[in-house]
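Asks: let's see this in three dimensions:
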Amino acid sequence: MAIYISENGFIALTLSAIETSIKYEATGILLGYEVKRKDVINYYVENIIPYQIAERTSESVSVLPVRRNRIRRVFPNYMKYKIIGEFHTHPEGNIYLSPGDKKFIRSSGYELEIVVAIKIGNKTRRAWDYNYKTKILSGSIDRYLIKIAGWRVENEKIVRQIITCPFAVGFDYLKPF
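Replies: Numbers count the residues shown, from 1 in each chain. Now for the predicted structure:
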């Protein structure tokens with residue numbers, strides 16, 4: 001099972017993290033589709049939409065259920081894609097799920113969650129690459145170090161997924177500050 005992120009999805013995820021996440025967490029919905037072959041489900045994230053009204057701190061972000069439900073109800077009227085999950089960000093570069101994250105993922109109604117960890121780095125830039133052992137996509141944009149990881153609920157367990165984005169791996173990280 002894998003999560004594929006398109007160019008638009010990558011740009012939206014990283015810009016959302018850069019905009020809010022140096023001090024506060026951000027969250028939003030993942031738009032795309034699922035492809036199931038035999039017992040394997042692959043997710044294709046085509047875009048994301050951040051929630052505009054959310055309670056944000058450096059350690060959590062929450063959206064009122066009435067707002068989340070309004071989006072879920074109205075969204076199918078707009079596009080060919082569906083909401084396949086949610087994402088949230090972690091300031092200071094922690095890519096791992098907190099106990100609160102795990103509780104939310106189990107209760108969100110979606111099987112898929114992406115975390116984007118971000119922190120301000122020094123002037124050393126990192127090319128975007130994928131670590132097959134940790135299943136983390138990471139690199140830098142400008143002075144921001146970013147890591148992206150995804151999880152899926154499988155038989156009540158939260159399992160890290162393979163995550164890939166061909167656009168990110170070819171991203172030109174060498175542009176000047």
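Asks: contacting residues around the residue nearest the centre of the chain?
Replies: Geometric centre of the chain, nearest residue: I114, 3.3 Å, by CA atoms, centre = their mean. By CB atoms under 8 Å, 6 or more residues apart in numbering, the residues touching I114 are 3, 13, 30, 45, 85-88, 148-151, 163. C-betas here are computed from N, CA, C, even on glycine.
Asks: least confident secondary structure element in the chain?
Replies: Every helix and strand in the chain was compared by mean pLDDT, DSSP states H and E; the lowest is strand 55-56, with a mean of 67.
Asks: in this protein, where is pLDDT below threshold?
Replies: Counting by pLDDT under 70, the chain shows low-confidence ranges at 21, 52-54, 56-61, 63-64, 123-124, 171-177.
Asks: all helices of it, in order?
Replies: Along the chain, the segments classed as helices by DSSP state H run 7-20, 65-74, 99-107, 166-169.
Asks: looking at these, which is buried most?
Replies: helix 7-20 (a mean of 20; mean count of other CB atoms under 10 Å).
Asks: helices and strands around it, which ones?
Replies: strand 27-37, strand 40-50, strand 82-91, strand 112-120, strand 144-154, helix 166-169 (3 or more CB pairs under 8 Å, 6 or more residues apart in numbering; DSSP states H and E).
Asks: and the gap between the residue nearest to the centre of the chain and I95?
Replies: 11 Å (CB to CB, to the nearest Å).
Asks: shared neighbours of the two, anything?
Replies: A149.
Asks: show me the contacts for S108.
Replies: S108 touches 85-86, counting by CB under 8 Å, 6+ apart.
Asks: do that again at 7 Å, thanks
Replies: Going by CB atoms under 7 Å, 6 or more residues apart in numbering, S108 touches E86.
Asks: likewise for L30?
Replies: 45, 48, 83-87, 112, 114.
Asks: identify the farthest-apart pair in those.
Replies: I83 and I114 (12.8 Å; CB to CB).
Asks: follow-up on the earlier one: could I get the contacts of I114 in JSON lines, plus columns for distance to R37?
Replies: As requested, these are exported to JSON lines (distance: CB to CB, whole Å):
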{"residue": "I3", "distance to R37": "15"}
{"residue": "L13", "distance to R37": "26"}
{"residue": "L30", "distance to R37": "20"}
{"residue": "V45", "distance to R37": "18"}
{"residue": "G85", "distance to R37": "19"}
{"residue": "E86", "distance to R37": "24"}
{"residue": "F87", "distance to R37": "25"}
{"residue": "H88", "distance to R37": "29"}
{"residue": "I148", "distance to R37": "24"}
{"residue": "A149", "distance to R37": "23"}
{"residue": "G150", "distance to R37": "19"}
{"residue": "W151", "distance to R37": "21"}
{"residue": "I163", "distance to R37": "18"}
